[in-house]
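Asker: pasted the sequence and its predicted model underneath.
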Amino acid sequence: MRLAASRAVQSSGDVGVAVIESESISGAPATAGGSGHGALRWLPWVVAALALVPLGSMLAMVLGGNEMQWADYWEILPRVTNPDGSFAPRGLFEYQNSHPIAVASAVYWVNAHLTGGSNIALGIFVVAVVAVQVVILVWALPRQ
């Protein structure tokens with residue numbers, strides 16, 4: 001096991017931020033995770049595991065919900081549906097509460113046709129979209 005000691009070597013400006021230089025007890029520079037030892041190697045995995053907690057709680061809330069949709073669904077769905085049940089793309093360009101809702105309108109129509117308008121299915125889709133966004137953000141972060 002390699003022990004490391006840290007010491008402040010430089011103060012940066014008036015802010016009081018210190019740069020920390022690590023070295024092992026033997027005097028050689030310590031490596032952060034390179035040798036397979038130390039907390040820094042498994043820390044990202046712990047953080048990633050903790051990030052699954054909100055995902056699990058959101059899924060539990062969605063799965064414990066009801067099938068009935070809320071008010072926005074019923075105001076938007078008729079705009080993008082023809083009387084025969086087919087898709088009416090002209091409704092995509094209407095605003096609701098001064099907001100464009102084209103994507104939500106299309107998702108609501110697809111949800112109505114694929115799942116019978118299930119609020120649970122729509123909630124699972126929303127949680128999946130958020131999970132994909134998190135993965136994209138993590139992928140876009142610098143690897144430093």
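Answerer: Noted; the coordinates are in hand. This is a predicted model, so every value here is computed, not measured.
Asker: quick one, helices of the chain?
Answerer: When assigned using DSSP state H, the helices of the chain occupy the ranges 39-63, 71-76, 102-115, 119-140.
Asker: which among those helices is found nearest to Ser86?
Answerer: When the helices of the chain are ranked by distance to Ser86, counting by C-beta to C-beta, first place goes to helix 102-115 at 9.5 Å. Backbone N, C-alpha and C define where each C-beta goes, glycine included.
Asker: any idea how far Leu114 is from Tyr108?
Answerer: In this structure, Leu114 lies at 11 Å from Tyr108, with C-beta to C-beta, to the nearest Å as the measure.
Asker: so the two - more neighbours on which side?
Answerer: When Leu114 and Tyr108 are compared for neighbours, Tyr108 comes out ahead with 23 against 11, by other C-beta atoms under 10 Å.
Asker: ok, that one to Gly85 distance?
Answerer: Tyr108 sits 13 Å away from Gly85, going by C-beta to C-beta.
Asker: comparing the helices of the chain, which comes out most buried?
Answerer: Most buried of those, by mean neighbour count (mean count of other C-beta atoms under 10 Å): helix 102-115, with a mean of 16.
Asker: quick one: contacts for the closest residue to Asn82 other than its chain neighbours?
Answerer: Nearest residue to Asn82 in three dimensions, chain neighbours excluded: Ala88, at 4.7 Å (C-beta to C-beta, 6 or more residues apart in numbering). For Ala88, the residues meeting the contact criterion (C-beta atoms under 8 Å, 6 or more residues apart in numbering) are 79-82.
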